[in-house]
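# heads up, no residue letters with this:
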């Protein structure tokens, strides 16, 4: 894949994260090219969500470096500029939106914090982009279905016009029929905006649908990084990856 010759959107070098005595990330290094869709898979506890959260600034890292869009970021504290570049969509659309706020308020808040203008037009466009009409603007998030909430969470991430989206199991809490809709919506947004995706999932079917390359994690380390076609052709080196494929119920192709 010639993609890696392009500019690097995100670079993690020798990142270490520990919780008390437990080493959650053990010298992890990853490079993601601008415009790439990069997947991270692994069983529960492998460190994949910890890696995403450390990039987002939600977990501290003790060692290593993080470079995003050519700028270095320390373990803690993220600038406003960081959040205009990098946004995260969480697994649980119920937990990530305030239930007593209207959709309008949820979308307005990041625009005000970051000093955007044309606020009405931006909110209307964001709702349109995620397939929700203007009628949703003054509903409360507790009045929405899980799929609608996740659309709002995506709209809220996209409204700041970021370059990189971090996606932590963005459809695993949703019904299968709605999962496909949300994945297609994300795919369309990536194409329209030339976004870079870093996507964590335990479901190899989702990763093979969405991503171009995939890092396989185990015990806080990256076992291997392969093009996604290698999963489909079973062309990979690590036994662990083979076991993961067999175990993944989502991987029912071919």
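Ah, there it is. In this text, all values refer to a predicted model and were calculated from it rather than measured experimentally.

# who's in contact with stretch 111-121?
Outside stretch 111-121, the residues within contact range by CB atoms under 8 Å, 6 or more residues apart in numbering are 80, 83, 84, 108, 122, 123, 159, 160. Every C-beta, even on glycine, is put in place using the N, C-alpha and C of the backbone.

# Can you turn the buried part of those residues into a ChimeraX selection?
Here is the ChimeraX command that selects the buried residues among these (16 or more other CB atoms under 10 Å):
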select :83,84,108,122,123,159,160
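
# Looking at the contacts of stretch 111-121, spot the one nearest residue 185.
When the contacts of stretch 111-121 are compared for distance to residue 185, the smallest value, 14.5 Å, is given by residue 159; criterion: CB to CB.

# my read: the closest one touches residue 109, true?
No - taking CB atoms under 8 Å as the contact criterion, residue 159 and residue 109 are not neighbours in contact, 9.7 Å apart.

# how about low-confidence regions in the protein?
Of all residues in the chain, those with pLDDT under 70 make up the ranges 1-6, 235-236, 247-254.

# 50 - rerun?
Applying pLDDT under 50 to the chain picks out residues 1-5, 249-251, 253-254.

# residue ranges of the strands in it, please?
Chain-ordered strands for the chain, with DSSP state E as the definition, fall at 8-19, 22-33, 37-41, 63-68, 71-73, 86-89, 164-168, 196-200, 213-218, 221-227.

# got the contacts of stretch 111-121 as a markdown table, with distance to residue 37 columns?
Compiled in a markdown table, these are given as follows (distance: CB to CB, whole Å):
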| residue | distance to residue 37 |
| --- | --- |
| 80 | 26 |
| 83 | 21 |
| 84 | 21 |
| 108 | 29 |
| 122 | 25 |
| 123 | 27 |
| 159 | 21 |
| 160 | 20 |
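
# Widest-spaced pair of the contacts of stretch 111-121?
Of all the pairs that the contacts of stretch 111-121 form, the one spanning the most space (CB to CB) is 80 and 123, at 19.7 Å.

# Any chance of CSV for the strands of the chain, columns mean neighbour count?
Conversion of the strands of the chain to CSV gives the following (neighbours: other CB atoms under 10 Å):
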stretch, mean neighbour count
strand 8-19, 18
strand 22-33, 18
strand 37-41, 26
strand 63-68, 17
strand 71-73, 13
strand 86-89, 24
strand 164-168, 23
strand 196-200, 26
strand 213-218, 24
strand 221-227, 18
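
# Looking at these, spot the one closest to residue 54.
Go through the strands of the chain one by one with CB to CB and the one that ends up closest to residue 54 is strand 8-19, at 5.4 Å.
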